[in-house]
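Enquirer: okay, structure incoming, though there's no sequence with it:
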């Protein structure tokens, strides 16, 4: 028997708020978290802006020894997971922790650690590479560290599908509970890519904008868009089997009812023409939910602010939604946060859960110049108070990975 799956806890650390309350307030107010990079000196770089976590000090969250043994991407994941677990009201003393899983993704893993220890290798020799180098940088360590932190002894998995990682993790967690393998899963994504090689690498592949005005840098669907802005942080949701949640009187934000995952099988960085793969992912999610396109109120688009992504995603929505593409509200919140790569899907799932719970559709901020290639209702500059029955979140990753999840207002 297939089981129903609900969201009972939310956690986030983002460029516009270091917890869910601050973050959601920033989304509702149309706050932009993009600014000059402070993590390192960008002299000589073509890119100078990013969406950094504001005022972050590891010692505010961890003891010194603990912080030194974890890369930032793991730290962010633990912070968001602690918040989500607390928010859910779950008690590990009362749960069968063997039925609690963790599926957490990161696009890159411990990039800061990789840079630091490679520098030590080159400058000082092999014996100066830290014994903690490998356990700090490998991409599964966010999932591993969160499982250790919470005592979650079920399936602990890390998925790496570039910018689709967070959404794939949530979708696969949904299936895991739906088909009876786990009762609770801690799911989402985390990323800490604002480092010299991270910025240089994405810059030299021509993915990042070189604009220096922070209010015209990350401008999804705007005709003047010229690339994305790097962001960092983590977004995590607690997924739970419905009857289990009801039995303990849990607060329910939304129900997850559909998940679509497809591959373009086309190109390592470019989306397939017309967004064909993304369109199939959206269709599969709606088919699983058993709904028609006209029932979807809101799509949180991948909307990176690159020329190709936004035009191809517009085409994909038109293909998947047909006539209903004219009516559905589509916004990208990457104008607020920048692009959090593997964490984007986690953070945007938190947005969709709040959107459904509170009846609010976020705006695409800093929008000025309409683009005839992106002619959807992108909710420009002002969010809307509307009843959100179904919200979809899209994530599309390098390598041709596409993922869509569908959330429903819980009744």
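Expert: The structure has been received and is ready for your questions. All values derive from a computational prediction rather than experimental measurement. Numbering: from 1, shown residues only.
Enquirer: just after the worst-scoring helix or strand of the chain on mean pLDDT, pick out the following helix or strand.
Expert: Considering only helices and strands, the least confidently modelled element of the chain by mean pLDDT, DSSP states H and E is helix 64-68, at a mean of 94. Using DSSP states H and E, the helix or strand that follows helix 64-68 towards the C-terminus is helix 72-88.
Enquirer: which strands or helices does that following helix pack on?
Expert: For helix 72-88, the contact count by 3 or more CB pairs under 8 Å, 6 or more residues apart in numbering; DSSP states H and E identifies strand 5-13, strand 100-105, helix 141-150, strand 184-191, strand 233-241 as packing neighbours. (Glycine included, C-beta is placed from N, CA and C.)
Enquirer: dump those to a markdown table, plus mean neighbour count.
Expert: Rendered in a markdown table, the data for the helices and strands packed on helix 72-88 read as follows (neighbours: other CB atoms under 10 Å):
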| stretch | mean neighbour count |
| --- | --- |
| strand 5-13 | 27 |
| strand 100-105 | 31 |
| helix 141-150 | 23 |
| strand 184-191 | 35 |
| strand 233-241 | 31 |
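Enquirer: Throw these into TSV and include distance to residue 339, thanks.
Expert: Listed next are the helices and strands packed on helix 72-88 as TSV, based on distance: least, CB to CB, whole Å:
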stretch	distance to residue 339
strand 5-13	15
strand 100-105	15
helix 141-150	18
strand 184-191	9
strand 233-241	11
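Enquirer: export the ones you listed as a markdown table, with columns for mean pLDDT and distance to residue 37.
Expert: Written out in a markdown table, the entries for these read as follows (pLDDT from 0 to 100; distance: least, CB to CB, whole Å):
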| stretch | mean pLDDT | distance to residue 37 |
| --- | --- | --- |
| strand 5-13 | 98 | 18 |
| strand 100-105 | 98 | 24 |
| helix 141-150 | 98 | 23 |
| strand 184-191 | 98 | 15 |
| strand 233-241 | 98 | 15 |
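Enquirer: so which of those gets nearest residue 226?
Expert: When these are compared by CB to CB, strand 184-191 sits nearest residue 226, at 21.9 Å.
Enquirer: after the closest one comes which helix or strand?
Expert: Going down the chain from strand 184-191, the next helix or strand is helix 196-204, by DSSP H and E.
Enquirer: how about residues contacting that following helix?
Expert: Residues lying outside helix 196-204 but in contact with it, judged by CB atoms under 8 Å, 6 or more residues apart in numbering, are 37, 40, 42, 45-47, 50, 108, 111, 114-115, 193, 208, 210, 230.
Enquirer: what of stretch 363-380?
Expert: Counting by CB under 8 Å, 6+ apart, stretch 363-380 makes contact with 30, 32, 215-216, 218-225, 301, 303, 310-311, 314, 317-318, 325-333, 335-336, 361-362, 381-384, all of which sit outside it.
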